[in-house]
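1. Quick one, what's the 3D model for this:
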Amino acid sequence: MKGFKSFADATTLSLEPGVTVVVGPNGSGKSNVVDAIGWVLGAQKPSIVRSAKMDDVIFAGTSNRPALGRAEVSLTIDNSAGLLPIDFTEVTLSRLLFRSGDSEYAINNVPCRLLDIQELLSDSGVGRQQHVIISQGNIDGVLNARPEDRRLIIEEAAGVLKYRRRKERAERRLTATEANLTRIQDLLREVRRQLRPLERQADAARRHGDLVSELSALKVFSAGRDLGRLRVQLEESARTQTDLRGQDQQLRAKLADLDARILSSEAQLSALGGRDVGDALLRYETLREKARGLLALLAERRRGVERELSSAIDAAVIASLESEQAQLRDESAQAELEAERILVSAGELEESEAALAQERALFEADWADGIPAPTGEAAGVRGELAALRSAIERTTNDQVRLVSRRDSLAEKVERLTVEGQRANDERSAAESAVEAIEQSAAASVEESLAKEAELRTAEEAATSAETEHSAWAARVEALTLALDEARQRAGAEHLDGLTGVLGTLLDLVDVDAGWEEAFEAAVGEALTAVVVADIPSARSALDALVQGDHRGAVLALSSGASPSATLPPQGEPLRRHVRALRSGSAASSADGIERVLDTLLGSAVLVDGSWQAALELASQHPGAVVVTRVGDRFGAAGWRVGAARSGATGAALEEALQRESLSLTNRDQARHAVDQARSAMIAARTDQQESARNRDSNDSLRRTLSESVARLEADVIEASAELESLNAHLGELAERLRRENLRVEELAAQLPQLEAADLALSSQAQVMAAARQSLEEHSAKVGAVRTDLEVRSAGIEERRRYVTERLTQVDERLSRNIEQRDAAARRRVELVARADATDRLTQFTLGRVSVIEANLSTLRDERQRQSEEARSVTSGLEGLRSQRVLSERQLEELRARVQKAEIADAEARLRLEAATESLRNDLDCEPDVAMAAECPPLPEGVALGARVRELDRELRLMGPINPLALQEFTELQERLTFLEGQLEDIRSSRRELSKVIRAVDEEIVKVFSAAYADVSQNFTLLFETLFPGGEGRLRLTDPNNLLETGIEIEAKPSGKNVRKLSLLSGGERSLTALAYLFAVFRSRPSPFYVMDEVEAALDDVNLHRFLDLVAEFRQTAQLIIVSHQKRTMEAADILYGVTMEPGGSSKVISEKASSAP
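-> Numbering: from 1, shown residues only. Alright, predicted model coming up:
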């Protein structure tokens, strides 16, 4: 001890066999020796070492010595008997504690864990509960303890605690397995939870692919059908244009024929115009009108003469003159008014005569040379003009329609261009973000996949490690139980401590994998025998078994050569696959064990096959032992089928322990790796989901924008192409319209002359007659007006003159009556002569008028005949012209149809080119392939277009899908299968652990039952010894539950009838507790016992009885007793005295009993 409590200096106590008593005054530190032993053996509670906290065990210092920084205790154990399972004859256990709280343990100066020390001591009867150390107050604590705590003392002494630990480890592993099972089930639930939506996504992706494939096939078929229809339409358009061109040629030929016939009719009509009598008729009508005018003038003159004659009769009368003067003045005024009217009429007449003169001049100019032969230009111009006007009208209508369409298309192109530019800008922005998003998504996917793979790998590794650890732990438990069972059957536990005992055969051999059952079958009962070093050791072992009334088998090593055996030629010698262990405590006896194996397996062979083959070989070779891999055995000692052993060996257990330790480390590392991988995976999956959402959103946006841009570009291209075509067509129409308008203007300018000429040439006679008749009628009218005007003018002039003259005469007559009378007479004569002349002229004129009227009648008859002939020719000519106009109209309609056919053909070609381009760009298919494609099967009653719309609608309703869903679903399905396999492995491990726990429980019940029976029996004996005449016994609180039952102590000292232990006196309580503890010590001995002032409350009689017990145990165990009792000191084999100077530390002196004075 060094620095432990009051032992500041290094202090060494050599505890020899027998009884060692530690004495000293109070406060000297003698009980600290007990605390030091308990502390170095692994005490963890400060109360066990009588401290408030653990660092109180470090020397705290005194007035003369400073405090120390650490406490150190080492306990050396003599292991020459091999009670400790370690290959050292001396084992030193050390514990070091620093004030910082750091603690170190060591075995033979090699750092170790507390668990290693506890495991090392567990099989030697010194457990972690330290029942072999009875400190102050523990005596009374045994009686005051709970029944379950008393049970722990027996279990620790009987070595049950190792089974408890095994069970606890198995239960922990089972709990861990349950945790793994829960984790696997959680993973399975999580995988299944992910699998369900992912399965829906995979189904959606699969459905989407099917719909896209079907839609693509339908579109290809529809496009092929449209292409075929367009090609058929082009072929029909070509045939239609050919037919129309044929009809055009026919109509042109018909028009040429009609033109020839019209020219012929016009020539005939022109010939009729050459015999026209219009001129003569006009001249006679003019003469007649002139004669009529002359007759009117003559009549007026005759009336004027008569008036003058009448007025001349009353000249003498003044009154009459005055009256006449007034009347003449009135007539003069009226004549002036009439003259003015005549002047107006004369101006109009002059204009009419000028027009008539011009008309006559034109007529004379036009018809001076007679009627020329018709040229037909007017008809051609008229037909061309009509055709041009019709074409202009159609062109204008087309132009208006196309201009409206062009404006609409231009607006549409502008709008589509703006929309396309906007969509393109948005797509460019989305495209520019693609790389970053894709990189981020790819990185997140890779990271997520990597983390998932790492997690799966970690989980698989953890599950594998857990499974492997559980399997190895179960195997360790199974091997341990099998070896313990083998040791129990061999009686090895009753031979511990005997010289020369090496262990069971299973502990000392190593068997190749797969040969265990064959080996166990071959060696038979020797499998569970205890191997000893030589014959004397064998005798000692057998003697110990007989004395202890135990069963067992002993196998002694021999130094001689092994007997040789003849092996059958068939089969594999078993000896080649079994060897002695050459490690640990068995290394020194390996050669002897090899000779034992030669003896046991020298005649053993293994036959691969059925037991019949092995039996046949054994029958042929009676001296051989024939075994099979499944444990069948055939030999001279008997035949047996089926394995009877477990395949457990020491080498297998050692390997299993190593593998279990390694698997435990791997499992802990794997669990930590799983936790880290899961956290990393969750973070990576969150990043992946966010990146996937960003990518899907961007992909959807880009896809939508690309579709919009493509659609808008296609619309712009289509509209631009149509606009360009329209502009070109409009240009052509404008040019055509310009040419046609120029031609129309030219023809319109020529048309009046051409029409006049044409009319003159085509209907010369009719036109000439009409012109002549019109001219004659006009001339007659003008002549009549002229005659009437001249007559009236002459009459008015004559009257004016007459009135003027008469008024002058009347005035003169009034002034000169004489002169008037003479003049009146002369005037009367003159008037009579004038009246006679007028009458003669009137008669002559009437005669000439009669001649003129006769000639006019003759000429009118001739003109009527000519008119009828011209009318007949003209009627035929009009019919021909009507036919020509109809043919021209038909030709125009035909030209319009040709034009429409050409436009339709051009449009069909454009649609064909657009459809072909769309087919190649959108569907990646050639026209011939599309036209040859067959229609995919359609639902009954559903048309192709309806199915396409339905598929488009379904795809739109489906929205964006996860294209990786199928792959992720497959991977997740594989992971599910893997996890289900792991789940089955864990359940199998759980079943194995449950079997181990049941086996351990059975072993605990078995060991505890035996130990309790012995302790109960010994307690009764010891109680009777300590309390002569008294009665004491142990009672189980729950006999039906030996795994958990507690132990009650019943004590009745002689002469007392107490029911409660608390009613016993202090000495009686101490002796009762000591009786229980020593009953445990006697039933399951330990190598040493430490007691601290346990006899302090005993009187001399009871102390004597206590010392008798001590004397009984001093031969088999080492006892260390701290005491103040003199008689206890006298019973000591060696005496240690502990003293402490004031302000110093504890010091120890020793004295053996043999050297005492």
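2. what comes up buried for stretch 1125-1133?
-> By 16 or more other Cβ atoms under 10 Å, the buried positions in stretch 1125-1133 come out as 1125, 1128, 1129, 1131, 1132, 1133. (C-beta placed from N, C-alpha, C; glycine too.)
3. ditto for stretch 133-146
-> By neighbour count on 16+ other Cβ under 10 Å, the buried set for stretch 133-146 is 133, 134, 135, 136, 138, 139, 142, 143, 145.
4. Mind picking the lowest-pLDDT entry from the residues you listed?
-> Among the buried residues of stretch 133-146, residue 136 has the lowest pLDDT, at 62.
5. quick one: which helix or strand includes residue 782?
-> Using DSSP states H and E, residue 782 maps to helix 764-815.
6. same deal with residue 1050?
-> Using DSSP H and E, residue 1050 falls in strand 1047-1052.
7. same for the helix or strand just after that strand, what does it pack against?
-> Moving toward the C-terminus from strand 1047-1052, the next helix or strand (DSSP H and E) is helix 1066-1083. Under the contact definition 3 or more Cβ pairs under 8 Å, 6 or more residues apart in numbering; DSSP states H and E, helix 1066-1083 sits against helix 138-144, helix 147-158, helix 965-1026, strand 1031-1036, strand 1047-1052, helix 1100-1113.
8. Any idea how far helix 1066-1083 is from the middle of the chain?
-> Centre-to-centre, helix 1066-1083 and its host chain are 78 Å apart (Cα atoms, centre = their mean, to the nearest Å).
9. swap in stretch 65-76?
-> Chain-centre distance of stretch 65-76: 69 Å, with Cα atoms, centre = their mean.
10. how much space is there between residue 1034 and residue 1108?
-> Distance, residue 1034 to residue 1108, using Cβ to Cβ, to the nearest Å: 22 Å.
11. With adjacent residues omitted, what lies nearest to residue 76?
-> residue 92 (4.6 Å; Cβ to Cβ, 6 or more residues apart in numbering).
12. and what of residue 287?
-> Using Cβ to Cβ, 6+ apart and skipping residues adjacent in sequence, the residue nearest residue 287 is residue 852, 5.2 Å away.
13. what helices or strands is the strand or helix carrying that neighbour leaning on?
-> Counting by DSSP H and E, the element that carries residue 852 is helix 817-922. If you count contacts as 3+ Cβ pairs under 8 Å, 6+ apart, helix 817-922 packs onto helix 160-273, helix 278-313, helix 377-490, helix 650-762, helix 764-815, helix 927-932.
14. Out of these, which gets nearest to residue 332?
-> Nearest to residue 332, of all those, is helix 764-815, at 4.5 Å by Cβ to Cβ.
15. Point out where the stretch 301-450 of the chain drops to low pLDDT.
-> 307-325, 363-390 (pLDDT under 70).
16. Point to the residue nearest the middle of this protein.
-> Residue closest to the average C-alpha location in the chain (Cα atoms, centre = their mean): residue 962, at 2.4 Å.
17. Can you tell me the number of residues neighbouring the residue nearest to that one when sequence neighbours are not counted?
-> Among residues not flanking residue 962 along the chain, residue 201 sits closest, at 4.9 Å (Cβ to Cβ, 6+ apart). Neighbourhood size, residue 201 [other Cβ atoms under 10 Å]: 19.
18. Next: residue 400.
-> 10.
19. repeat for residue 663
-> Residue 663: 22 surrounding residues under other Cβ under 10 Å.
20. and residue 329, what does it touch?
-> The contact partners of residue 329, taken as Cβ atoms under 8 Å, 6 or more residues apart in numbering, are residue 807.
21. Determine how far the helix or strand it falls within lies from the middle of the whole chain.
-> Using DSSP H and E, residue 329 maps to helix 318-367. Averaging C-alpha positions (Cα atoms, centre = their mean) puts helix 318-367 113 Å from its chain's average.
22. and if you look at stretch 97-117?
-> 58 Å.
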